[in-house]
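> with the input below, show me the fold.
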Amino acid sequence: MDYTVTISDTEKKGLEYAALDVDEWITNSAKARAAIAVAEIIAKNTEHCNKNSIAMAVGEDAQVTQAYTLGVVKTAEDRQKESSS
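You can find the predicted model right below:
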């Protein structure tokens, strides 16, 4: 999946100071945060499945999907909507 990020000239200069390759840094940052979230989701799914004697899906992709399907986790947008209402 591709995303486009728009930054100002000043932000670009700041990132050029901090990183050899701005695009690589942005990509690595997003992937690192996603990896943390995936690990959190899998941990929540594992705990839920063990507590409720539910067979766990096999593989990371399937376990993340299972967590959403079972309602173990929700998107940040959905959690925000729920807390606003």
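> for stretch 12-23, what is the average pLDDT?
Stretch 12-23 carries an average pLDDT of 97.
> ok, stretch 53-61 next?
Mean predicted lDDT for stretch 53-61 stands at 98.
> again with stretch 78-85
94.
> got the CA coordinates for that stretch in PDB?
What follows is stretch 78-85, C-alpha atoms only, in PDB (Å, rounded to 0.1, in the frame of the first residue of the first chain):
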ATOM      1  CA  ASP A  78     -13.700   3.600  15.700                       C
ATOM      2  CA  ARG A  79     -12.400   4.000  19.300                       C
ATOM      3  CA  GLN A  80     -12.500   7.800  18.900                       C
ATOM      4  CA  LYS A  81     -16.100   7.700  17.600                       C
ATOM      5  CA  GLU A  82     -17.100   5.600  20.600                       C
ATOM      6  CA  SER A  83     -15.400   7.900  23.100                       C
ATOM      7  CA  SER A  84     -17.000  10.900  21.500                       C
ATOM      8  CA  SER A  85     -20.600   9.600  21.700                       C
END
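> buried residues in it?
By 16 or more other Cβ atoms under 10 Å, stretch 78-85 has no buried positions at all. (Each C-beta comes from the backbone N, C-alpha and C, glycine too.)
> tell me the buried residues in the top helix by length along the chain?
Using DSSP state H to define each element, the chain has its longest helix at helix 22-51. Buried residues in helix 22-51, counting neighbours by 16+ other Cβ under 10 Å, are found at 22, 41-42, 45, 48-49.
> tell me the contacts of residue 79?
Residues near residue 79 by Cβ atoms under 8 Å, 6 or more residues apart in numbering: none.
> and it, which of the three is it?
Three-state call for residue 79 (DSSP: H, G, I helix; E, B strand; the rest coil): helix.
> from residue 23, how far out is it?
30 Å (Cβ to Cβ, to the nearest Å).
> report the contact partners of the most centrally placed residue in the chain.
Nearest to the geometric centre of the chain sits residue 34, at 3.5 Å (Cα atoms, centre = their mean). Residues near residue 34 by Cβ under 8 Å, 6+ apart: none.
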